[in-house]
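**Student:** kindly return the folded structure for what I paste below:
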Amino acid sequence: MSRLPFGWAVWGAVAGVVAGLPPVAGAAGFVDALRYRAELVVPPRTADELVAVRVDGTGAAAGLEGYADLRVVDGHDREVSAVVRPRAVVSERPVRRSFRVAKPTLEPTATGGLVIGFTIDPVVHKGTVHGFRILTPLVNFQQRVGIERREDDGSWTTLVADASLADYSQWMDVRTTDIPLPADSRDRAGGTYRIMVETATAEQQAQVQELVRSLVGGRETGIEERTLVLRQPFRIDGIEAWHDEPVTELRPADPVERQVTDWSVAEDPREKVTRIRVATTGGPVTGFTLAIADRNVSRDVTVMLDQPRAPGEATPDRPTRRSFAVGHGRLVRLDLRGLAREQLEVPIGATWKGPFEIVIANGDSPPLRVTGVTARGPASEVVFLAAPGEDYRLAYGVSPGADRPARPRYDTAAIATALAAGRIPVEVAVGAWTEVPFAAPALSPWRQLENPWLLGSVITLLAMALAVALLQAARRIDQLPANSAAPGAPRPEVTPRDPS
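**Tutor:** Model prediction:
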């Protein structure tokens, strides 16, 4: 049995070391390398459903900048196209719809009032009636009115017994010409109504006074002031019926708290300012709130953002980092008798990066005693299309040692079209976050050769292989005859010997 030369054995060992290195991390899917997982509670559906998942809070605080590592995956660990956007909440607000009453009738009463009658066609105007508006060009007036509605049996029901219409623009910009109906009377569309005006012609004091001077024999004997009273008809140009229609809309959600990982306070006596360094995580910051132990103070405050300069921008005269203002405000806390006011929030423009520096201008006053700093930012959500019968979960957070991912580029045309058309996503809940345990990060063979122990071992094996090869070559040379010719040289002629 032939023996394998030692040199070849060494080379085989080196090849075995390299071949035994773990595979490249990129060979597996990116989702498999994500560190945190959470199940999504998506309700049953029979068609593709637009759903939204809130990603703010403790679970997402460890996410990378801009949620670049956040993924929505289905039950087969396949990435699902999704959009990360500022979170919106569904709210309702009333929108007033009104129309002009057609063909009203007018009847003066024996007491000097007016009765205005009209009928609203429920086929033309399907909305319930919530109230009426009197259209009048008059100013500086006050009128008492009532409203009645005719029932199906011909009787009249009083809806509003005594309402006030007024315009006080002579003293203040106050005008009331609406007559709302009681909530329990807004149960039908259309109907026959009549509005009773208490006084068709109202008396009011004129804005000018008359001054009368009495003269006797050319001498003034008295002065008399007379107040003029004007009789003004209650002019009505028309009557509008209105109702408040609830409209569902999306509005930005209230800001959420960001995690402050570190903050420190330093006084600057030369500039007469207090500098507060703040580091945050978990998303963009749109404002800070300071907790102070002082009362009856008012100080200007500026929020500075500290960022590195882009490559090539730094010069010997310009430092590698730059600071610029991203927000201004004023800290106020007043606690006086009959006066209490507090404003401790400083708004800033949304930004992802930090750290921040909050600069309080003290002037010649003592520095404020800052006891705490909180940060806030916009709420965020992930929107995606959930297919029928499919389970989904969120995954985020790269495993230790893995490369930082880039933002995914999905085909989100269907999601954008649905949102642009006013579709309101169904908000789904997120289950408990769990952390996936990971072994040592998988690196490529060439990156693992950067390990000094492994690299030293490979170099040692190679040196040993080279030394053994040289030693074997030297031994073979020693075994050659001394008079042996060099390979390729002509051999000398040899005369055969006589056997006798």
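
**Student:** domains in this protein, by residue range?
**Tutor:** Domain ranges of the chain: 34-87+380-435, 96-199+234-248, 264-365, per automatic domain parsing.

**Student:** please name the nearest non-neighbouring residue to residue 174.
**Tutor:** With sequence-adjacent residues excluded and distances taken as Cβ to Cβ, 6 or more residues apart in numbering, residue 174 is closest to residue 168, at 4.5 Å. All C-beta atoms are positioned from the backbone trio N, CA, C, and that covers glycine.

**Student:** tell me how many other residues surround the one you found.
**Tutor:** Using other Cβ atoms under 10 Å, residue 168 is surrounded by 14 other residues.

**Student:** low-confidence regions, the stretch 251-400 of the chain specifically.
**Tutor:** For the stretch 251-400 of the chain, applying pLDDT under 70 flags the ranges 308-322, 399-400.

**Student:** which parts of it are helices?
**Tutor:** With DSSP state H, counting those that start in this stretch, there are no helices along the stretch 251-400 of the chain.

**Student:** can you map out the strands along it?
**Tutor:** 256-268, 273-281, 285-292, 297-308, 321-336, 339-343, 345-351, 356-361, 370-377, 380-386, 392-398 (DSSP state E, counting those that start in this stretch).

**Student:** nearest to residue 467, out of the domains of the chain?
**Tutor:** domain 34-87+380-435 (36.2 Å; Cβ to Cβ).

**Student:** okay, how far is it across that closest one, tip to tip?
**Tutor:** 9 Å (Cα to Cα, to the nearest Å).

**Student:** what's the local residue count around the spatially closest residue to residue 147 that is not a sequence neighbour?
**Tutor:** Computed as Cβ to Cβ, 6+ apart, the closest residue to residue 147 that is not its neighbour in sequence is residue 160, at 4.2 Å. A count of nearby residues for residue 160, using other Cβ under 10 Å, gives 19.

**Student:** likewise residue 267?
**Tutor:** Other residues close to residue 267 by other Cβ under 10 Å number 13.

**Student:** and the gap between it and residue 417?
**Tutor:** The spacing between residue 267 and residue 417, counted by Cβ to Cβ, to the nearest Å, is 56 Å.

**Student:** contacts only, for residue 435.
**Tutor:** If you count contacts by Cβ atoms under 8 Å, 6 or more residues apart in numbering, residue 435 has them with 35, 36.

**Student:** pLDDT at residue 458, what is it?
**Tutor:** At residue 458, the pLDDT value in this model is 67.

**Student:** mind checking the end-to-end distance for stretch 284-297?
**Tutor:** Using Cα to Cα, the end-to-end distance of stretch 284-297 comes to 29 Å.

**Student:** need the contact partners of that stretch.
**Tutor:** Under the criterion Cβ under 8 Å, 6+ apart, residues 255, 258, 276, 278, 301, 303, 327, 331-336, 344-352, 354, 356, 358, 365, 368-378 lie in contact with stretch 284-297.

**Student:** list the buried ones in it?
**Tutor:** For stretch 284-297, burial by neighbour count (16 or more other Cβ atoms under 10 Å) applies to 284, 285, 286, 287, 288, 290, 292, 297.

**Student:** surely residue 89 is in contact with residue 248?
**Tutor:** No - contact between residue 89 and residue 248 fails when scored by Cβ atoms under 8 Å: they sit 11.0 Å apart.

**Student:** could you list the low-confidence segments of the stretch 51-200 of the chain?
**Tutor:** For the stretch 51-200 of the chain, the ranges with pLDDT under 70 are 56-66.

**Student:** all strands for it, in order.
**Tutor:** Under DSSP E, counting those that start in this stretch, the stretch 51-200 of the chain gives strands at 71-74, 79-80, 82-86, 88-100, 105-108, 114-120, 131-135, 141-150, 156-167, 175-176, 178-180, 191-197.

**Student:** with just CA atoms, put the first one into PDB.
**Tutor:** Taking C-alpha atoms only, strand 71-74 is exported to PDB below (Å, rounded to 0.1, in the frame of the first residue of the first chain):
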ATOM      1  CA  ARG A  71     -40.400  42.800   7.100                       C
ATOM      2  CA  VAL A  72     -43.900  41.400   6.800                       C
ATOM      3  CA  VAL A  73     -43.700  37.600   6.100                       C
ATOM      4  CA  ASP A  74     -46.400  35.000   5.400                       C
END
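
**Student:** can you tell me what sits against it?
**Tutor:** Contacts of strand 71-74 with the rest of the structure, by Cβ under 8 Å, 6+ apart, involve 30-31, 34, 40, 53, 79-80, 82, 382, 384, 387, 390-396, 408.

**Student:** sheet-wise, list the partners of it with their directions.
**Tutor:** strand 79-80 (antiparallel), strand 392-398 (antiparallel) (DSSP bridges).

**Student:** what's the distance between the following helix or strand past the longest one and the middle of its chain?
**Tutor:** Tracing the chain past strand 392-398, the next element assigned as helix or strand by DSSP states H and E is helix 413-420. Once both centres are worked out by Cα atoms, centre = their mean, to the nearest Å, helix 413-420 turns out to sit 19 Å from its chain's centre.

**Student:** give the buried residues for whichever helix or strand comes after helix 413-420.
**Tutor:** Remark: after helix 413-420, the chain's next helix or strand is strand 426-430, criterion DSSP H and E. Neighbour-count burial for strand 426-430, counted by 16+ other Cβ under 10 Å, picks out 428, 430.

**Student:** and strand 426-430, which strands flank it?
**Tutor:** strand 34-41 (antiparallel), strand 49-54 (parallel).

**Student:** relative to strand 88-100, how tilted is the last one?
**Tutor:** With axes from the mean of the first three to the mean of the last three Cα atoms, to 10 degrees defining the directions, strand 49-54 sits at 120 degrees from strand 88-100.

**Student:** that older thread, just checking, the residue nearest to residue 174 touches residue 141?
**Tutor:** No - with contacts counted by Cβ under 8 Å, residue 168 stays clear of residue 141, the gap being 9.1 Å.

**Student:** ok, back up a step: out of the strands of the stretch 251-400 of the chain, deepest packed?
**Tutor:** A comparison of the strands of the stretch 251-400 of the chain by mean neighbour count, using mean count of other Cβ atoms under 10 Å, puts strand 380-386 on top with a mean of 23.

**Student:** who touches that one?
**Tutor:** By Cβ under 8 Å, 6+ apart, strand 380-386 touches 42, 45, 48-56, 60, 67, 70, 72, 80-88, 283, 392, 394, 414-415, 418-419, 425, 427.

**Student:** swap in 6 Å and give it another go.
**Tutor:** Residues outside strand 380-386 that contact it (Cβ atoms under 6 Å, 6 or more residues apart in numbering): 42, 48-49, 51-56, 72, 80, 82-84, 87, 415, 425.
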